[in-house]
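In: sharing a model prediction with you, sequence too.
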Amino acid sequence: MIVIPATILLVIFFLLSGLHFHWAFGGRWGLASAIPQENGVPIFTPGSLATALVALALLGAAVVPLWRAGLFTIGPVWLPRAGMGLLAVVFALRAIGDFRYCGFFKRIKGTAFARNDTRLYTPLCALVSALAVWLALMG
């Protein structure tokens, strides 16, 4: 039973990591609506290094569900549960948002990013958080 949520999280993290690597190495697909905007202007411009670091973090996050599912054992038995708990908190906070640009409680709603955030990004973060809670508490 623990294999199903672990596999779903692995696929999500792997795909998100690949997308961030794509952007880090100059790809543009999906980038225009992936950064919050205000008055049509992106609120920040992530550099290649920062984007690659996010990609690596997501790739690292992909390992945690596999660890929790027992694919490998390293360190104390409580550590993969704690890792899943940390992922659950991080993605729940992202789903809640910053109360301005992203999350369930965002105020700026008329941009391409905001539309994607409402339809895809925030629900995906909530799903990741829920699956991480499931893995943290199961078995």
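Out: The structure has been received and is ready for your questions. Numbering: from 1, shown residues only.
In: going by C-alpha atoms from here, please, whenever you check contacts or count neighbours.
Out: OK.
In: quick check: residue 18 touching residue 57?
Out: No - look at residue 18 against residue 57 with C-alpha atoms under 8 Å: they stay out of range, at 11.3 Å.
In: neighbour-wise, which of these two wins?
Out: residue 18 (17 against 13; other C-alpha atoms under 10 Å).
In: need the contact list for the nearest residue to the more buried one once chain neighbours are set aside.
Out: Nearest-residue entry for residue 18: residue 55, 6.9 Å, with adjacent residues in sequence omitted and distances by C-alpha to C-alpha, 6 or more residues apart in numbering. Residue 55 makes contact with 16, 17, 18, 19, 20, 21, according to C-alpha atoms under 8 Å, 6 or more residues apart in numbering.
In: can you pull out the low-pLDDT segments for this protein?
Out: 139 (pLDDT under 70).
In: circling back to that earlier point, between the contacts of residue 55, which is nearest residue 77?
Out: Nearest to residue 77 among these is residue 17, at 26.5 Å by C-alpha to C-alpha.
In: span of stretch 95-111 from start to end?
Out: 18 Å (C-alpha to C-alpha, to the nearest Å).
In: any buried residues in that stretch, and which?
Out: Buried residues in stretch 95-111, counted by 16 or more other C-alpha atoms under 10 Å: 95, 96, 97, 101, 102, 103, 104, 106, 108, 109, 111.
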